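Q: Here's a sequence, model it:
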Amino acid sequence: MSFNLSLESYMIKPVQRLCKYGLIVNEYLRNMEKDHIDYQDIEGTSTVIDKLVHETNDQVEEYLMRERFNELKSTFPTFFGKIHSK
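A: As a prediction, the model looks like this:
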């Protein structure tokens, strides 16, 4: 294990785990008999995890877009100043 990772690398770990859990649950569901007593519960779990993964991905994408926008604002302050003054 490397301890030279950036803070961002450590913070992405829970997001990656959520994706892995989804894959594991979906694989478990594919191999489960549909008449198994736990099938509906596992199917519901799969649905919830999939929704969380999509919402998390959307939030990460939004964050990255805001970060990029802030980079552009600091790179071209006069351009963005003109936009705000209109």
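Q: Number of residues surrounding residue 52?
A: 15 (other CB atoms under 10 Å). In this view, the C-beta of every residue, glycine as well, is placed from N, C-alpha and C.
Q: Please name the nearest non-neighbouring residue to it.
A: Closest residue to residue 52 apart from its sequence neighbours, by CB to CB, 6 or more residues apart in numbering: residue 18 at 6.1 Å.
Q: Tell me the pLDDT of the one you found.
A: If you check residue 18, the pLDDT there is 90.
Q: Could you say which helix or strand holds it?
A: helix 7-30 (DSSP states H and E).
Q: gap between the residue nearest to residue 52 and residue 57?
A: For residue 18, the distance to residue 57 (CB to CB, to the nearest Å) stands at 10 Å.
Q: And residue 41, by the same measure?
A: On the measure of CB to CB, residue 41 and residue 57 end up 25 Å apart.
Q: Could you verify my assumption that residue 38 touches residue 25?
A: No - checked against CB atoms under 8 Å, the pair residue 38 and residue 25 is beyond contact range at 11.4 Å.
Q: which residues do these two both contact?
A: Common neighbours of residue 38 and residue 25, using CB atoms under 8 Å, 6 or more residues apart in numbering, do not exist here.
Q: higher neighbour count, the two?
A: residue 25 (18 against 12).
Q: Spit out the contact partners of the closest residue to the more buried one other than its chain neighbours.
A: Closest residue in space to residue 25, ignoring its immediate chain neighbours: residue 46 at 4.9 Å, by CB to CB, 6+ apart. Taking CB under 8 Å, 6+ apart, we find residue 46 in contact with 22, 25, 26, 29.
Q: mind checking pLDDT for the first one?
A: The score at residue 22 is 94. That number is its pLDDT.
Q: Could you count how many residues lie near it?
A: 19.
Q: Perfect, that will be all.
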